[in-house]
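Undergrad: Make a model of this:
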Amino acid sequence: MTREQILERLLVKVGDGIWVLATLMKAGKPINKERLKELTNHHFSLKKHDDAPPIRSRHTLDQIAARLEGAGLVDVQAIGRTRMYQLSELGHEVIKFRDQYLQRGVN
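TA: All right, here's what the predicted structure looks like:
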């Protein structure tokens, strides 16, 4: 597989997690899970006024966070009992690839 094929596959599989990645990129610093949910839903509401937010429950938040962590798109650091999420290098690549993908008019 080429680099582009791998990034395209990650982009497709990440689903609503793309909003979490965008939120982490915008924040530029580690964020705890509950704050990540708030910021992601807020960011989503600014872009998509009429749709329901991507993270409606703690269960959904846990699923998205686990998927992103498993794919290596976020780095997680435990500070006491709090887990802090930050965009990984691969996560940055997926976001950049998505921007290029959209500029080409594919999505």
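Undergrad: Mind telling me which residue is nearest the centre of this structure?
TA: For the chain, the residue nearest the mean C-alpha position is Leu21 (2.4 Å; C-alpha atoms, centre = their mean).
Undergrad: A helix includes that one, no?
TA: Yes - applying DSSP: H, G, I helix; E, B strand; the rest coil, one finds Leu21 inside a helix.
Undergrad: and it, what does it touch?
TA: Taking C-beta atoms under 8 Å, 6 or more residues apart in numbering, we find Leu21 in contact with Val14, Leu68, Leu73, Val74, Leu87, Gly91, Val94, Ile95. In this view, the C-beta of every residue, glycine as well, is placed from N, C-alpha and C.
Undergrad: I'd say the second one and Asp16 touch.
TA: Read it as Leu68. No - between Leu68 and Asp16 there is no contact, the gap being 10.5 Å when judged by C-beta atoms under 8 Å.
Undergrad: Mind checking which of these two has more residues around it?
TA: Leu68 (24 against 15; other C-beta atoms under 10 Å).
Undergrad: ok, the more buried one - contacts?
TA: Val14, Gly17, Val20, Leu21, Val74, Tyr85, Gly91.
Undergrad: ok, now with 10 Å
TA: Leu68 makes contact with 14, 17-18, 20-21, 24, 74-76, 85, 87-88, 91, 94 under the criterion C-beta atoms under 10 Å, 6 or more residues apart in numbering.
Undergrad: Please identify the one among those residues that lies nearest to Ser45.
TA: The shortest distance between Ser45 and any of those, using C-beta to C-beta, involves Val20 and amounts to 14.4 Å.
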